[in-house]
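Student: Build me a structure from this.
(2 chains)
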Amino acid sequence: MVDKLLRAADSRHPEDALALLLATIDNFPGGICVLDAELVLLITNQRFYELLDLQEAMFPVGSRIEEIFRFNALRGEYGPGDPEKIVSDRIDHVKLFKEHCFDREVGTGIVIEMRSAPKAGGGCVLTYLDVTAKRRAEQALHRHKEDLEDLVRLRTVEIERQAAELQRLLDQERQITKLQRQFVTMTSHEFRTPLAIIDGAAQRLQRHSGGMTNEYASEKANVIRSAAARMVDLMESFLSAGRIEHGRMTYEFRPCSLREVIERCVVRQKSITSAHVFHLELNDLPPVVIGDTAAMEQVFTNLISNAIKYAPLAPDIFIAGCLRDGLAAISIRDQGVGIDADDLPKMFQRYFRARSSTGIAGTGIGLHLVKQIMEAHSGTIAVESKKGEGTTFTVTMPLTIPNQVSSLAKAG
Amino acid sequence: MITILCVEDEIDIRGLLVEEISEAGFSTLEAGNGKEALDLIISKWPDIVVCDITMPEMDGHQLFAEIQMNHEQLSNIPFIFLTALSDKENMVTALKAGAADYLTKPVDFGLLMAKIQGCVARMESDRKLGRAF
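Tutor: Residues are numbered from 1 along each chain as shown, chains lettered A, B, ... in the order given. I've put the predicted structure just below:
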């Protein structure tokens, strides 16, 4: 070792080699402190004092490391605790002269990596490196990685949410397409049925054109007329549904007798069904309300024909009207097939048909239309039902429609 | 005498069918839905069934399937579907299941009677060939 130094110093004098070594130590960018077996400072460099924020004058070579430990303990460098205890613990640790390495943030805020390496013949070499920038960079990297992971998690959640939303919309679209297909099939069915009656009756009349009784001709004419009336109702429903759909439904709000409207609807329905009996209690209805008579006819035609249609084996249909909380309230009750509880909230959706309607013709637009009309009259519609026991639809409406009264008054 | 069961929930249509079919010299039975029809088919064993599809309680498809599946001895009775459902899907379902024919409303009674006569003719030729049921 000494030979190498002498060669490097290009000299035969040991002083020159020592000077080279000390220059190397002084210019080393880390702090160096060599201790002998008694823990006395043998060699130090300037950087050692700078990094540990110590005055060289206070702890020159020849001082004991214990004094530095005490000084640091007293100025709180090692955290809280009894300074003498801290000092003796540190001394015990250093005395082991074992290789070790740890980081410590010192009072000046810099992070120092401290290493100890045992020295041949006792004692040790302590080195101190400023690793503040490296540690900060590592921490920043770690934070960045965590931020990135958070971001990925957030994005994943968002993407999953969007995928679910897309799926929901797709399902909804499929459901609507299915309902529309069903609607087209049922619409065709709905028009073909009265057409079949008209055409069938006409064919029978043709067959008998030679000789038939007046009663026969008149009976067939009645059949044709009621089927034609049914087609007119159907067409009205479709047209109104179309107008509502395109926001082109207009109402003529005038005084209107709900009682007369309902009675007219009942008479017309009676001509279609002979199997049903209508029980009317309409005496308590207010004599007039302000409303659109034609629209009200659609409401009650729909509700009464539904009662007939969905109660094919229960002949009694109850229609009751009264004045309740200042509103005209009319309920139409049947004892028919009823509606599954979980279908009830969907009853007024366009094209929706309850499961219990299987086998019963219908397009799913009637109740939707009724609800729209009632709402245009500031009214409501509600349904109560028990599967297999029957259904009650109740409509309510104010006697006058608040924002229509003034315009009528002006017109008058 | 050949007996024809008319299954139809629309009373007016059923009335016209019964009139037309009885006038042609057949005996008729009437049912307003699939369940009533099933009872009549089991108890009265008609020769031909003219059957609507859209009906409450039990529809035409269900009635036909029920007979094919659970009443083998009645499964040879020819079914002529007469329905306002004019879509291909319903037609294919019925014909695949073994319906004798599928007619849509409004129907020409002449055509319906021809289909019924066709079924009668096939039944008679089956009988002659000893394949009677």
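Student: how far does stretch A:280-296 stretch from start to finish?
Tutor: Start-to-end span of stretch A:280-296 (Cα to Cα, to the nearest Å) is 17 Å.
Student: List the buried residues in it.
Tutor: A:282, A:285, A:288-293, A:295-296 (16 or more other Cβ atoms under 10 Å in any protein chain shown). (Glycine included, C-beta is placed from N, CA and C.)
Student: same check, this time on stretch A:56-71
Tutor: Neighbour-count burial for stretch A:56-71 flags A:59, A:65, A:68-71 (criterion: 16+ other Cβ under 10 Å).
Student: ok, residue A:376 to residue A:110 distance?
Tutor: In this view, residue A:376 and residue A:110 are 79 Å apart by Cβ to Cβ, to the nearest Å.
Student: List of residues touching stretch A:179-193?
Tutor: Residues outside stretch A:179-193 that contact it (Cβ atoms under 8 Å, 6 or more residues apart in numbering or on different chains): A:231, A:234, A:238, A:350-353, A:361-365, B:10, B:13, B:54, B:83-87, B:90, B:104-106.
Student: Now which of these would you call buried?
Tutor: By 16+ other Cβ under 10 Å, the contacts of stretch A:179-193 give A:231, A:234, A:238, A:350-353, A:361-365, B:10, B:13, B:54, B:83-85, B:90, B:104-106 as buried.
Student: among these, which are in strands?
Tutor: With DSSP state E as the criterion, strands contain B:83, B:104 from among the buried ones among the contacts of stretch A:179-193.
Student: Checking residue A:25 next. Helix, strand or coil?
Tutor: Under DSSP: H, G, I helix; E, B strand; the rest coil, the three-state class of residue A:25 is helix.
Student: you'd agree it is up against residue A:47?
Tutor: No - the criterion here is Cβ atoms under 8 Å, and residue A:25 misses it with residue A:47 at 9.2 Å.
Student: more crowded one of these two?
Tutor: residue A:47 (21 against 16; other Cβ atoms under 10 Å in any protein chain shown).
Student: check contacts around the more buried one.
Tutor: For residue A:47, the contact set (Cβ under 8 Å, 6+ apart) comprises A:28-32, A:128.
Student: Look at the closest residue to chain B within the stretch 301-412 of chain A and report its pLDDT.
Tutor: Per Cβ to the nearest Cβ, residue A:359 is where the stretch 301-412 of chain A lies closest to chain B, at 4.1 Å. Note for residue A:359: predicted pLDDT of 72.
Student: and what of residue A:255?
Tutor: 94.
Student: Just grab the bridge partners of it for me.
Tutor: residue A:290 (DSSP bridges).
Student: What are the neighbouring residues in contact with it?
Tutor: Applying Cβ under 8 Å, 6+ apart to residue A:255 gives the contacts A:288-290.
Student: From residue A:235, how far out is it?
Tutor: 27 Å.
Student: What segments of the chain are strands?
Tutor: Using chain A here. Per DSSP E, chain A carries strands over the ranges A:31-35, A:41-44, A:100-105, A:111-118, A:124-130, A:254-256, A:277-281, A:289-291, A:316-324, A:327-334, A:380-386, A:390-398.
Student: my bad, chain B
Tutor: Remark: strands assigned in chain B by DSSP E are B:3-7, B:27-31, B:48-51, B:79-83, B:101-104.
Student: Out of those, which is closest to residue A:81?
Tutor: Proximity to residue A:81 (Cβ to Cβ) singles out strand B:79-83 among the strands of chain B, at 96.1 Å.
Student: partner strands of the closest one, parallel or antiparallel?
Tutor: strand B:48-51 (parallel), strand B:101-104 (parallel).
Student: got a list of contacts for the first one?
Tutor: Right, strand B:48-51. Strand B:48-51 is contacted by residues B:2-8, B:17, B:21, B:37, B:41, B:60, B:63-64, B:77-82, B:100, B:112, B:116, B:119-120 when judged by Cβ under 8 Å, 6+ apart.
Student: per-domain residue ranges of chain A.
Tutor: A:2-130, A:137-221, A:251-411 (automatic domain parsing).
Student: of all the ones you listed, which gets the most neighbours per residue?
Tutor: Stretch with highest mean neighbour count among the domains of chain A: domain A:251-411 (a mean of 18; mean count of other Cβ atoms under 10 Å in any protein chain shown).
Student: How far off centre is that domain?
Tutor: Remark: domain A:251-411 is offset 36 Å from the chain centroid, using Cα atoms, centre = their mean, to the nearest Å.
Student: Can you tell me which of the contacts of strand B:48-51 are buried?
Tutor: B:2, B:4-8, B:17, B:21, B:37, B:41, B:60, B:63-64, B:77-82, B:100, B:112, B:116, B:119-120.
Student: ok, so what distance separates the nearest residue to residue A:329 once chain neighbours are set aside from residue A:233?
Tutor: Leaving aside its sequence neighbours, residue A:329 sits nearest to residue A:396 (Cβ to Cβ, 6 or more residues apart in numbering or on different chains; 4.5 Å). Here residue A:396 is placed at a distance of 23 Å from residue A:233 (Cβ to Cβ).
Student: do residue A:81 as well
Tutor: Between residue A:81 and residue A:233 the computed distance is 96 Å (Cβ to Cβ).
Student: Report pLDDT for residue A:183.
Tutor: If you check residue A:183, the pLDDT there is 83.
Student: measure it to residue A:177 for me?
Tutor: 10 Å.
Student: Retrieve the pLDDT associated with residue 108.
Tutor: Looking at chain A here, since you left the chain open. 82.
Student: Let me rephrase: I mean chain B.
Tutor: At residue B:108, pLDDT is 96.
Student: cool, residue A:93 as well?
Tutor: Per the predicted model, pLDDT is 89 at residue A:93.
Student: if you skip the residues just before and after it, what's nearest to residue B:80?
Tutor: Nearest one to residue B:80, counting by Cβ to Cβ, 6+ apart, is residue B:101 at 4.6 Å.
Student: wait, I meant residue A:380
Tutor: Closest to residue A:380 by Cβ to Cβ, 6+ apart is residue A:396, at 5.1 Å.
Student: what sits against the one you found?
Tutor: By Cβ under 8 Å, 6+ apart, the contact list for residue A:396 reads A:324, A:327-330, A:379-380.
Student: 10 Å - rerun?
Tutor: Neighbouring residues of residue A:396 by Cβ atoms under 10 Å, 6 or more residues apart in numbering or on different chains: A:324-331, A:374, A:377-382.
Student: now, among the contacts of residue A:255, which is nearest to residue A:346?
Tutor: residue A:289 (29.0 Å).
Student: so where's chain B shaky on pLDDT?
Tutor: Scanning chain B for pLDDT under 70 picks out the ranges B:131-133.
Student: please redo it, this time with the cut-off set to 90
Tutor: For chain B, applying pLDDT under 90 flags the ranges B:9-11, B:55-57, B:126-133.
Student: which residues are contacting stretch A:196-209?
Tutor: The contact list for stretch A:196-209 (Cβ under 10 Å, 6+ apart) reads A:192, A:212, A:216-217, A:219-228, A:230-231, B:8, B:10-13, B:15-17, B:19-20, B:23, B:82-84, B:104-110, B:112.
Student: change it to 6 Å
Tutor: By Cβ atoms under 6 Å, 6 or more residues apart in numbering or on different chains, the surrounding residues in contact with stretch A:196-209 are A:220, A:223-224, A:227, B:12-13, B:16, B:105-106, B:109.
Student: what distance separates it from the centre of its chain?
Tutor: Between the centre of stretch A:196-209 and the centre of its chain there are 59 Å (Cα atoms, centre = their mean).
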